[in-house]
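3D model of this:
(one chain, ligands or ions: 3)
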Amino acid sequence: MPQRSPLDLPEGDPFGPHNLPYGVFTTPHAPHLRRIGVRYGSHVLDAGAAAAATASPHAELLGAATLNPLMAAGRPVWQAVRAEVLDWLTNPAHRPTIEPLMHPLTTLALHLPIEVADYVDFYASEHHAANVGRMFRPDGDALTPNWKHLPIGYHGRAGTVLVSGTPIVRPQGQYLPPAPAVSSSSPTPSAPSAPSTPSAPHTSSPTPVFGPSLRLDFEAEVAFVVGAPSPLNTPVPLSGFHDHVFGLCLLNDWSARDIQSWEYRPLGPFLGKSFATSLAAWITPLDALAPARTAPPARDLPLLPYLDDSTAEPFGFDLRIEVAVNGHTVSRPPFSAMYWTAAQQLAHMTVNGASLRTGDVFASGTVSGPRPAERGCLLELTWGGRDPVHLPDGSRTFLEDGDEVTLTAWAPGAHGARIGLGEVTGHVVPATP
Ligand SMILES: O=C(O)/C=C/C(=O)CC(=O)CC(=O)O
Ligand SMILES: [Ca+2]
Ligand SMILES: [Mg+2]
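Ligands and ions are numbered 1, 2, ... in the order given. Sure, this is the predicted structure:
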C-alpha cells in the first residue's frame, strides 16, 4: 500500500484539524532541544520549525522550549496562531514545506509542556465530595455546610507536577496502622480497613507507623492552564474565563489515602497528595472545545454574585473520561456532571485579590458521576477498600507496585466528530528503600 501523507488524516480522526493540541517534544537525534509541537493524527508538527520556514510573525513564541511565552501572549494571539497552524496543516500550498516537519508521535519523547507556576486542586464533584464525606466523616453530613456556596480547593505542590509517563514512586509517610481484620476469612496483614474506621480502635491516643503507603490511589481530574496573567487586587469575573485560560488537559492526582486520612485535620491535604501529580503531554485549546460546552447541573442554592452563573454562558464541558488500570477499564467519569465550573473556580481563586501567573494550573477535583461505574478514584470504587474491583490479573482495593493507570477522554466536536484529549498515564514503582 502506498504510504499515506501524515497530512491526509482518516475521516473523523480525533486529533484532526478541529483539535490541534500543543505539546513539547524532543527527537532522539537532538534529545536536549525541546520544541513546541502540534499533534495531528498520529504525527506531530514541529511548530517552531514551521513558523521559521514560513516567516511567521509567531516564530519566536513557537520557537520556545515551553508553551509559557505563547500562553502569556493572550487570546487574540492564541487565535491567530491556531488559524496559522490550521493553514499550515490543511492548505495544499504549504504541503512541500510542512510535510517534512511532521514526526511520527511514537518516535518522540514528550515533556511537561508548560512551566507550572502555582498548582491548585479543587473538589468540584458533588458525587465525589459526598462519597468521601460519608467515608471520612461518617458521623457528619456528607457535604460540609460551605460546599454549595463556594468551590472548595487547596494549594498543591507545583514542583511535583510531572508529565504523563513518569514512573510514580510509592510514597512513604506516617499513617495509622490498618485495623486488624475482623474475620479470619480475610487474613492478608496489609488488608486496608475502611478509611472511616482507622481511628476507631485507637480512641484514646492513636499511634502512627511509618512506611510505604498501603492505600495508594489515583484521581481522574481535568486541569485548566492559565495563559494570560492577572494583576494583584483585580478579581477575574466569570466572563474573564476565556481571556485567561489557555486550555485544558487530563490530570491524575495520585493520593495516598492512609497518609491523607491521618494528616488532613484541620488544614486539609498535604503530603498524601504532594508527591506526584501527572499531567497529560497535550494541552487542548479551549477554542477546540467550543462544541463541548454545556450547562452545569442545576444549582440547589442561590450563589453570591461573583459565582452566580444563572445568566452566564455555559461554562461546563462535556468530556467523557475513561480510567484504565493495566489496560482494563474501571470507570467512565462524566465531566459534565461537575457542580462547580472552571470559570467559577477562577473567579473564586482571584476574588480575594490574588493574582494569576502564566502557567498556573488548577484542577477540577476528582471527576465522579452519580453511578458507581462513574467514580473517579479507587477510594470510591472500592468504598474505602471494602469492595475490591476485579481486573483480569486479580482484584484490587488500592494500587499495587507495577500497576499502570491511564486516563483518556474525548469530547463531542462539530458535526458528530470527536475531539480526543491526550492521555495521562503512569505506573507505580516500589517505594525507595
Ligand atoms: O477531606 C476530604 O473531604 C477529601 C479531600 C480530598 O480528597 C482532596 C482532593 O484531592 C479533592 C478532589 O480531588 O476532589
Ligand atoms: Ca484531587
Ligand atoms: Mg497531587
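
chain center to the strand or helix carrying residue 330, what's the gap?
Using DSSP states H and E, residue 330 sits in strand 328-331. Its chain's average C-alpha position is 17 Å from that of strand 328-331, according to Cα atoms, centre = their mean, to the nearest Å.

pull out the buried residues from the helix or strand that it is followed by.
Following strand 328-331 in sequence order, the next helix or strand is helix 342-350 (DSSP H and E). Within helix 342-350, the residues scored as buried using 16 or more other Cβ atoms under 10 Å are 342-350. Yep, even glycine has a C-beta here, placed from its N, CA and C like the rest.

can you pull the contacts of residue 64?
The contact partners of residue 64, by Cβ atoms under 8 Å, 6 or more residues apart in numbering, come to 36, 48, 70.

from residue 429, how far out is the residue of the chain at minimum distance from ligand 1?
Residue of the chain nearest ligand 1, by Cβ to the nearest ligand atom: residue 365 (2.9 Å). Going from residue 365 to residue 429 by Cβ to Cβ, to the nearest Å gives 26 Å.

check residue 159 too.
For residue 159, the distance to residue 429 (Cβ to Cβ) stands at 19 Å.

so residue 300 lies in a helix, does it not?
No. Residue 300: not assigned to a helix; according to DSSP: H, G, I helix; E, B strand; the rest coil it is coil.

residues in contact with it?
Contacts of residue 300 by Cβ under 8 Å, 6+ apart are residue 148.

cool, and residue 112?
Taking Cβ under 8 Å, 6+ apart as the definition, contacts of residue 112 comprise 24, 66, 161-163, 279, 281.

hang on, the earlier thing: more crowded one of residue 365 and residue 429?
Just comparing residue 365 and residue 429: by other Cβ atoms under 10 Å the higher neighbour count belongs to residue 365, 26 against 12.

need the contact list for residue 431.
Contact partners of residue 431, counting by Cβ under 8 Å, 6+ apart, are 169-172, 211-213.

need those residues in CSV with pLDDT, neighbour count and secondary structure, can you?
Conversion of these to CSV gives the following (pLDDT from 0 to 100; neighbours: other Cβ atoms under 10 Å; DSSP: H, G, I helix; E, B strand; the rest coil):
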residue, pLDDT, neighbour count, secondary structure
169, 98, 16, strand
170, 98, 21, coil
171, 98, 20, coil
172, 98, 17, strand
211, 98, 15, strand
212, 98, 18, strand
213, 98, 25, coil
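
so which residues make contact with the strand holding residue 330?
Contact with strand 328-331 is made by 220, 321-324, 373-376, 381, 389, 391-392, as judged by Cβ under 8 Å, 6+ apart.

check stretch 142-150 too.
Residues outside stretch 142-150 that contact it (Cβ under 8 Å, 6+ apart) are 126, 129-131, 133-134, 152, 299-301, 303-304, 307, 339, 348.

which secondary structure element contains the residue of the stretch 1-150 of the chain found nearest ligand 2?
Distances between the stretch 1-150 of the chain and ligand 2 by Cβ to the ion are smallest at residue 121, namely 4.6 Å. Assigned by DSSP H and E, residue 121 falls within strand 119-122.

now check that strand, is it near ligand 3?
No. Judged by Cβ under 5 Å from the ion, strand 119-122 and ligand 3 are separated, with a smallest distance of 6.6 Å.

how distant is that strand from the center of its chain?
10 Å.

and the following helix or strand past it, what does it pack onto?
Using DSSP H and E, the helix or strand that follows strand 119-122 towards the C-terminus is helix 126-136. Counting contacts by 3 or more Cβ pairs under 8 Å, 6 or more residues apart in numbering; DSSP states H and E, helix 126-136 packs against helix 378-381.

show which residues not belonging to the helix it packs on make contact with it.
So helix 378-381 is in contact with 128, 131-132, 135, 195, 215, 217-218, 255, 257, 330-331, 366, 368, 372, 375, 389, 396-399, going by Cβ under 8 Å, 6+ apart.

next secondary structure after that helix?
The first helix or strand that comes after helix 378-381 along the chain, using DSSP H and E, is strand 389-391.

which neighbours in the sheet does the helix or strand just after that next one have, and how are they oriented?
Per DSSP H and E, the first helix or strand lying C-terminal to strand 389-391 is strand 394-396. Paired with strand 394-396 in the same sheet, following DSSP bridges, are strand 389-391 (antiparallel).
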